[in-house]
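*Asks:* only geometry, no sequence info:
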């Protein structure tokens, strides 16, 4: 019996300590933001590029938003599909910097022009609604790209470079501008670059420029500490069973 318990400890405790020792950076699975009755339009897209079209999440691949607590930056990475063109897949790689914490948490005022309140007035606390923008946090800068990655070459060679435009990207409950869920939104400018040897077959044009918007729901992925607590519980169950044998 003693040998079994020691063996169990030798396997379980290192896993538990490793989980606790890792600093937890918030990681979110994303989904297209959709109107829940508080928003001004239907939504249903992850990224909307005026003059090109809308990009949505892909069922077979994830689009993650991760915040780095150490560098106070964030990233949006994964795959999106051009709506109506399932053969046009793009790798998203956006980097967010210029973190500003929420007024509630840090006492720091929001950046100039923020918060951007796009929901109907009755959604906000001043009108008796559930949304308090004082709890939102922000990133004042964003840069990145959408790069064609389709294996059958339907979007290979097409790159859409993007930059933040106007007000800061905002994150929090109701921040996506379409519903009261926890989410993200912000506006951008874009420029298309199609390589000379590209096999891209879509209708975007080389050097095309324009404006766009990102609107996402964010669903938290369990952090290492939560997993550590789960491991501790499982460890307790396992140890108790060994002791009762």
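*Replies:* Sure, I can see it. If you're wondering where the values come from, they're calculated on a predicted model, not measured in any experiment.
*Asks:* residue 220 is in contact with residue 26, correct?
*Replies:* Yes - the criterion here is C-beta atoms under 8 Å, and residue 26 meets it with residue 220 at 6.7 Å. Every C-beta, even on glycine, is put in place using the N, C-alpha and C of the backbone.
*Asks:* what about the two, which has more around it?
*Replies:* The neighbour comparison of residue 26 against residue 220 (other C-beta atoms under 10 Å) goes to residue 26, with 15 against 11.
*Asks:* any idea how far residue 159 is from residue 181?
*Replies:* Look at residue 181 and residue 159: by C-beta to C-beta, to the nearest Å, they are 31 Å apart.
*Asks:* brain fart, residue 144
*Replies:* In this view, residue 144 and residue 159 are 11 Å apart by C-beta to C-beta.
*Asks:* equivalent analysis for residue 78, please.
*Replies:* For residue 78 relative to residue 159 (C-beta to C-beta), the value is 16 Å.
*Asks:* same deal with residue 90?
*Replies:* Distance from residue 90 to residue 159, by C-beta to C-beta: 9 Å.
*Asks:* nearest residue to the residue nearest the centre of the chain other than its sequence neighbours?
*Replies:* Here the mean C-alpha position of the chain is nearest to the C-alpha of residue 65 (C-alpha atoms, centre = their mean), at a distance of 2.7 Å. Leaving aside its sequence neighbours, residue 65 sits nearest to residue 28 (C-beta to C-beta, 6 or more residues apart in numbering; 4.5 Å).
*Asks:* same thing with residue 193?
*Replies:* Distances taken as C-beta to C-beta, 6+ apart place residue 159 nearest to residue 193, at 4.8 Å, with adjacent residues excluded.
*Asks:* low-confidence stretches in this protein?
*Replies:* 1-23, 60, 151-155, 196-203, 223-245 (pLDDT under 70).
*Asks:* domain-wise, how is it divided?
*Replies:* Taking automatic domain parsing as the criterion, the chain consists of the domains 1-23+223-245, 25-222.
*Asks:* roughly how far is the last one from the heart of the chain?
*Replies:* Read that as domain 25-222. 7 Å (C-alpha atoms, centre = their mean, to the nearest Å).
*Asks:* next one: phi and psi at the closest residue to residue 121 other than its chain neighbours?
*Replies:* Leaving out its chain neighbours, the residue that sits closest to residue 121 by C-beta to C-beta, 6+ apart is residue 127, at 5.2 Å. With angles defined as degrees, to the nearest 10, residue 127 sits at phi -110, psi 10.
*Asks:* what do you get for residue 33?
*Replies:* Note on residue 33: backbone dihedrals following degrees, to the nearest 10 are phi -70, psi 140.
*Asks:* ok, now residue 104?
*Replies:* The phi/psi pair for residue 104 (degrees, to the nearest 10) is phi -60, psi -40.
*Asks:* I figured it was touching residue 135, is that so?
*Replies:* Yes - Residue 104 lies in contact with residue 135 (C-beta under 8 Å); the separation is 4.9 Å.
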